[in-house]
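Enquirer: Structure for this input, please:
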Amino acid sequence: MVTRRKPTDDMFDAGLNLHKWVKIHYHGRADAVVDPALARMVRDETPEVRRMSDVAIGELLELGILCTQESAPARPTMMDAADDLDRLKRYIGGETTATFASSLGFSSTTFEDVD
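Expert: Modelled structure (predicted):
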């Protein structure tokens with residue numbers, strides 16, 4: 001959803017797939033894989049909104065990488081993924097404290113302040 005790439009994209013050949021592409025290019029840098037149109041949506045927002053967007057995008061990418069691992073036992077359970085998405089939704093909605101922490105170890109403190 002955040003890359004705007006389809007798993008059937010022509011770029012995915014010779015063993016490359018969406019999961020591998022994101023994993024190869026992401027390395028904590030969402031700008032390397034996020035759809036530029038999505039990034040532009042928050043460009044003129046306040047630093048707080050941009051930071052929340054960075055947290056949300058980073059969490060979705062991390063969760064997507066975890067949920068699409070080749071080995072099913074290595075993937076989080078649907079309950080863990082749903083809990084993370086619910087916590088993220090509450091964080092974005094302002095219902096939680098100033099930071100976000102997923103059950104999978106991802107946290108808004110991972111991101112530096114946006115100036």
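
Enquirer: Where does the residue sitting furthest away from the middle of the chain fall, secondary structure wise?
Expert: When distances are taken from the C-alpha mean of the chain, A14 lies farthest, 25.5 Å away, according to C-alpha atoms, centre = their mean. Assessed by DSSP states H and E, A14 sits outside every helix and strand.

Enquirer: ok, now I65?
Expert: I65 belongs to helix 47-67, assigned by DSSP H and E.

Enquirer: What segments of this protein are helices?
Expert: Taking DSSP state H as the criterion, the chain carries its helices at 18-25, 36-40, 47-67, 78-92.

Enquirer: Of those helices, flag the one that's most buried.
Expert: Most buried of those, by mean neighbour count (mean count of other C-beta atoms under 10 Å): helix 47-67, with a mean of 18. For the C-beta atoms, the positions are set from N, CA and C on the backbone; glycine is no exception.

Enquirer: Let me see the mean pLDDT of it.
Expert: For helix 47-67, mean pLDDT is 88.

Enquirer: Point out where this structure drops to low pLDDT.
Expert: Low-confidence segments of the chain (pLDDT under 70): 96-115.

Enquirer: Roughly how far does V2 sit from M79?
Expert: Distance, V2 to M79, by C-beta to C-beta, to the nearest Å: 22 Å.

Enquirer: now do V33
Expert: From V33 over to M79 the distance is 27 Å, taken as C-beta to C-beta.

Enquirer: can you check V55 too?
Expert: 22 Å.
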